[in-house]
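**Q** quick one: sequence and predicted model below, then my questions.
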Amino acid sequence: GAGRPAKLYRRPHAEQEHAVSLPARTYDTAAEVFAEAIERAGAEETLYATAREQGIAAGRGITSLQQALAERGYEPYASESGDGWRLRNCPFHTLAQGFPSLACGMNLALLKGLLSGAGLEERFTARLDPRPEGCCVLIDSKNNHS
């Protein structure tokens with residue numbers, strides 16, 4: 001056809017987050033206070049158990065792991081093995097900057113729970129595999145670890 005070629009737009013990967021809320025909300029401040037309190041109280045194991053329970057509940061009824069991860073903001077893409085998922089985005093990035101051990105541990109427990117709730121823990125495993133960019137969790141096929 002005639003005319004200009006179609007333009008293709010893509011969202012660049014940004015290190016900075018931008019959020020708009022009217023009226024203003026400061027959930028990030030609340031998250032930081034909660035994280036600091038959890039660390040001071042030594043309640044990490046309680047946090048991880050709660051995250052796993054939340055993940056199990058969220059995993060029930062999932063029909064597509066990739067879609068479920070995308071809906072939760074992880075931006076999944078095929079791992080190097082092709083049998084699992086790397087996660088381009090960490091939904092907890094801001095919190096993970098100040099409390100990496102706490103946020104990444106919570107994220108891992110949440111995703112392990114999601115796999116369990118979806119009935120996928122026999123096929124996939126979630127494990128920490130930090131990279132300079134993206135999420136610290138890798139979801140990989142258990143076939144790759146046999």
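**A** That came in fine, so what should we check first?
**Q** once you drop chain neighbours, what's closest to L95?
**A** A103 (4.5 Å; CB to CB, 6 or more residues apart in numbering). Any C-beta I mention is one placed from the backbone N, CA and C, and that applies to glycine too.
**Q** that neighbour: how many residues sit nearby?
**A** Applying other CB atoms under 10 Å, we find 22 residues neighbouring A103.
**Q** L114: which element?
**A** helix 100-117 (DSSP states H and E).
**Q** touching the helix or strand following that helix from outside, list them.
**A** Downstream of helix 100-117, the first helix or strand assigned by DSSP H and E is strand 124-128. With contacts defined as CB atoms under 8 Å, 6 or more residues apart in numbering, strand 124-128 is touched by 65, 84, 104, 108, 111-112, 114-115, 136-142, 145.
**Q** for the worst-scoring helix or strand of the chain on mean pLDDT, which positions count as buried?
**A** When the helices and strands of the chain are scored by mean pLDDT, DSSP states H and E, helix 93-98 comes last with a mean of 92. By 16 or more other CB atoms under 10 Å, the buried positions in helix 93-98 come out as T94, L95, A96.
**Q** contacting residues around the last one?
**A** It refers to A96. C90, A103, C104, N107, C136.
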